[in-house]
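Undergrad: Attaching a predicted model along with its sequence, questions to come.
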Amino acid sequence: MEIVFFIIIGIFAFIWLNRKSKNNYESENTFSELSFEKEDYRMFPHIEKKELTLEQAISKIELVVQKDDFEGTTSIHFNNITQNDYKYLPMYFKQIGEIAVSHEHIGISFSIFQDRIYLDIYSNVQEMGLAKGDQLILLFENGEKIDIKFPFARSSGYTKSNTYPINESELEIFAEQKLDKWKLISSRKNIYIVGNNSLFFELCEIKEKSMAQEIIKYLAKTIKYKHLNKTLYNTVKPT
């Protein structure tokens with residue numbers, strides 16, 4: 001009887017130990033569902049994204065007045081337009097996929113040199129050199145159009161630039177109307193690009209077409225005011 005008793009005890013002990021071992025195995029090998037946050041594609045993930053209000057974007061813009069005592073000239077231009085050290089409003093036109101936007105763009109700004117008002121155009125697009133004879137067509141929401149053909153050779157480099165002397169009536173359109181879309185044509189290469197200011201690169205600190213439209217109007221109004229009030233910059237200290 002004692003032998004039978006110990007055999008029964010042994011069987012129960014084996015069953016109990018086997019059950020505990022099985023429960024431990026199941027506990028160690030039961031995986032909870034892992035959740036991953038979807039991450040947007042970014043070219044510069046290490047740089048913090050910034051998004052300004054219209055008031056913040058305008059207050060950030062700097063008006064730069066430079067006098068040259070040697071040649072007796074005065075020039076006025078802008079800086080910090082939507083991005084630090086940008087002298088122009090970047091206008092993007094090429095989208096990659098559904099999220100990322102290409103860094104390729106043209107830029108638009110205004111300046112004064114020797115009492116003449118200029119529309120300044122920039123481009124970091126390799127194929128669009130802003131050469132003499134190239135054409136920029138700007139369409140506004142009210143149906144007005146400004147058609148520019150560059151009369152001068154461009155300045156070269158990574159960011160190309162060119163200028164176009166505009167009259168007061170053309171400046172008035174920029175100041176009062178909303179730019180809707182634009183087309184830049186290379187006469188030499190017979191190619192063109194089109195944009196409507198609805199795309200923004202991740203480093204650009206504005207994200208709305210309406211803000212871009214208001215910033216262009218602000219730039220034009222500021223240049224118009226400075227041109228009408230020449231004494232405001234003729235008395236600026238030389239730099």
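TA: On my side now, so go ahead. Residues are numbered from 1 along each chain as shown.
Undergrad: switch to C-alpha atoms for all contacts and neighbour counts from now on
TA: Will do.
Undergrad: what about the closest residue to Glu62 other than its chain neighbours, how many residues close to it?
TA: Taking Cα to Cα, 6 or more residues apart in numbering, and ignoring the residues beside it in sequence, Glu62 has Asn79 as its nearest neighbour in space, at 5.0 Å. Residues lying near Asn79 (other Cα atoms under 10 Å) number 18.
Undergrad: Spatially central residue for this structure, please.
TA: Centroid-nearest residue in the chain: Cys204, 3.2 Å away (criterion: Cα atoms, centre = their mean).
Undergrad: who's in contact with that residue?
TA: Residues near Cys204 by Cα atoms under 8 Å, 6 or more residues apart in numbering: Lys50, Glu51, Thr82, Gln83.
Undergrad: Taking those residues, please make a PyMOL selection of just the buried ones.
TA: Buried residues among the contacts of Cys204 (16 or more other Cα atoms under 10 Å), as a PyMOL selection:
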select buried, resi 82+83
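Undergrad: Can you show me the helices along the chain?
TA: 2-28, 54-60, 168-176, 209-228, 231-234 (DSSP state H).
Undergrad: How about residues contacting the third one?
TA: In this case it means helix 168-176. Residues external to helix 168-176 that are found in contact with it (Cα under 8 Å, 6+ apart): Glu144, Ile146, Ile216, Lys217, Tyr218, Leu219, Ala220, Lys221, Lys224.
Undergrad: Mind listing what's buried along stretch 182-191?
TA: Neighbour counts over stretch 182-191 (16+ other Cα under 10 Å) mark Trp182, Leu184, Ile185, Ser186, Ser187 as buried.
Undergrad: tell me the mean pLDDT over it?
TA: Across stretch 182-191, pLDDT averages out at 90.
Undergrad: Against Ser186, how distant is Met128?
TA: 6 Å (Cα to Cα, to the nearest Å).
Undergrad: which neighbours do those two share?
TA: Common contacts of Met128 and Ser186 (Cα under 8 Å, 6+ apart): Tyr192.
Undergrad: which regions of this protein sit below the pLDDT cut-off?
TA: Low-confidence segments of the chain, defined by pLDDT under 70: 1-49, 95-101, 230-239.
Undergrad: so where do the strands sit in it?
TA: 62-68, 73-79, 89-92, 105-113, 116-123, 135-140, 145-149, 160-165, 179-186, 191-195 (DSSP state E).
Undergrad: which of those is buried the deepest?
TA: Mean neighbour count (mean count of other Cα atoms under 10 Å) peaks for strand 89-92 among the strands of the chain, with a mean of 24.
Undergrad: what's in contact with that strand?
TA: Applying Cα under 8 Å, 6+ apart, the external contacts of strand 89-92 come out as 81-82, 102-109, 195-201, 212, 215-216.
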